[in-house]
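Colleague: Build me a structure from this.
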Amino acid sequence: MQNAQHAQRTAQALPYLLTYDQSPAIQAHLTQIGIGQVAYEELVDHAWLNILAHCFGTHNFAFEREALVDPGNSNRRANVSVSHFRNNVLDKVIVVEAKRPTMTEPTTLKWNSVRQELQDNMVTIRSNATTVQTMDWAPGAAVLDLSADAHRIQSILRLKKNTIEARDNDY
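Modeller: Residues are numbered from 1 along each chain as shown. The predicted structure follows:
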C-alpha cells in the first residue's frame, strides 16, 4: 500500500519537474501560435498564462489575463501579468505584452512598438504600486521563440521566481 501511495505522489509531482515545453497542455498551445499560423492573440495569452503558472506555481503568485494597468483611470490592459503576494498586497512583478503570430517574422519597427507599449504599461503599474518589487524587462534583448528557446526561457523565469521568493527584488 505504501508503494502505491508513493507512486501516486510521485506521478502527481512529475509535471512540476518537467520543463514547460514538455507539458502536453502547453505543447497544445504552442502548436497553435507559430510564425505563419493564423491565430488570435488570445491563444498567445493562454500559452503565456500556462507557461507562467507552470514555472511559478500558485503559492504566493497570481496570474491574470487582460489586467487593467491603471484601474479607475484607464482601460489600458496588460495581456498577461504575474503578481506576487507579499505583506498582504499583490504586486505585479511580470507583465507580458503578447501579440498574435504573423505570416512572417515581425519587423524591427513592429517590435519597437510592442516594447514601447510594454514599457508604458510597466511604468504606469509601478507608479500605482503601494509597495515596490522590481519589475524586469530587457529592451535590447533578442527575441526568443517559446518553443525553440523553451529551456532558456524557463531558466530565466525560474531565476526570476527565486529572486522574488528570496526578496531580492526590492528597490
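
Colleague: isn't residue 70 right next to residue 123, touching?
Modeller: No. Using CB atoms under 8 Å as the test, residue 70 is too far from residue 123 to be in contact (10.4 Å). Yep, even glycine has a C-beta here, placed from its N, CA and C like the rest.

Colleague: For the closest residue to residue 105 other than its chain neighbours, grab phi and psi.
Modeller: Spatial nearest neighbour of residue 105, excluding adjacent residues (CB to CB, 6 or more residues apart in numbering): residue 35 at 6.2 Å. Reported as degrees, to the nearest 10, the phi and psi values for residue 35 are phi -60, psi 140.

Colleague: what's the pLDDT at residue 35?
Modeller: Predicted confidence (pLDDT) for residue 35: 71.

Colleague: Off-centre distance for stretch 112-128?
Modeller: Taking CA atoms, centre = their mean, to the nearest Å, one finds stretch 112-128 lying 15 Å from the centre of the chain it belongs to.

Colleague: and what of stretch 89-106?
Modeller: Per CA atoms, centre = their mean, the centroid offset for stretch 89-106 relative to its chain is 8 Å.

Colleague: For the residue nearest to residue 105, grab the count of nearby residues.
Modeller: Summarising burial for residue 35: neighbours were counted as other CB atoms under 10 Å, giving 11.

Colleague: Cross-check the contact I'm expecting between it and residue 99.
Modeller: No. Applying CB under 8 Å, one finds residue 35 not in contact with residue 99, separated by 11.3 Å.

Colleague: Nearest to the middle of the chain, which residue? Look it up for me.
Modeller: In the chain, the centroid-proximal residue (CA atoms, centre = their mean) is residue 52; its distance is 4.3 Å.

Colleague: Please compute how far the helix or strand encompassing that one lies from its chain's middle.
Modeller: In this assignment (DSSP states H and E), residue 52 forms part of helix 41-56. Centre-to-centre, helix 41-56 and its host chain are 6 Å apart (CA atoms, centre = their mean).

Colleague: ok, the helix or strand just after it: who's next to it in the sheet?
Modeller: Scanning forward in sequence from helix 41-56 by DSSP H and E, the next helix or strand is strand 61-68. Here strand 61-68 is paired, per DSSP bridges, with strand 77-86 (antiparallel).

Colleague: What are the contacting residues of the strand it pairs with?
Modeller: Here strand 77-86 makes contact (CB atoms under 8 Å, 6 or more residues apart in numbering) with 41, 44-45, 48-49, 52, 56, 60-69, 90-98, 121, 125, 131, 133, 164, 167.
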